[in-house]
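K.L.:
quick one: sequence plus predicted model below, questions after.
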Amino acid sequence: MAISVQNYIKLANFYNEMARVLSAICVEKGGIALENYVGRFFAADVLEYIVEYGKRLKSSGVQIDQNVVDAMDLFEKQFENVKDLVTPNQKPIYEMTIEEFEKIMNI
């Protein structure tokens, strides 16, 4: 996916719609708090992706409308609240030391 403002807006719209669906699921499951719903981890991963995409878009030098910049800032603030829920990143094998590789492979 080429980095563009239009793609960022699509991602932001996806996240907002997903957040509405997650809230509806929590209500349907008896009013559980979103903090207790297992889908919160996926939502945090999606938000992390959107925030990183926004940072790359900003650094690309592309002209960005102020409304989109405001949305980027809002997503960054939201991400600060859930960044401990994201799936940990793992180094690619080619960047690992022998010790790290052996630990991952349980050798």
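P.N.:
Great, that's in hand. Residues are numbered from 1 along each chain as shown.
K.L.:
tell me who's in contact with residue 54.
P.N.:
Residue 54 sits next to 8, 72, 75-76 when contact means Cβ atoms under 8 Å, 6 or more residues apart in numbering. For every residue, glycine as well, the C-beta is placed using N, CA and C.
K.L.:
please redo it, this time with the cut-off set to 7 Å
P.N.:
Applying Cβ atoms under 7 Å, 6 or more residues apart in numbering to residue 54 gives the contacts 8, 72, 75.
K.L.:
so which strand or helix has it?
P.N.:
helix 40-59 (DSSP states H and E).
K.L.:
going on from that helix, what's the next piece of helix or strand?
P.N.:
helix 66-82.
K.L.:
mean confidence (pLDDT) on that next one, please.
P.N.:
For helix 66-82, mean pLDDT is 95.
K.L.:
list the buried residues in the helix or strand just after that helix.
P.N.:
Once the chain leaves helix 66-82, the next helix or strand it forms, by DSSP H and E, is helix 98-105. Residues of helix 98-105 classed as buried: none (neighbour count, 16 or more other Cβ atoms under 10 Å).
K.L.:
is it true that residue 47 touches residue 82?
P.N.:
Yes - with contact defined as Cβ atoms under 7 Å, residue 47 reaches residue 82; the gap is 6.4 Å.
K.L.:
quick one on the thing from earlier: okay, the contacts of residue 54 in TSV with distance to residue 53 and neighbour count next?
P.N.:
Shown next, in TSV, are the contacts of residue 54 (distance: Cβ to Cβ, whole Å; neighbours: other Cβ atoms under 10 Å):
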residue	distance to residue 53	neighbour count
8	6	22
72	9	20
75	10	21
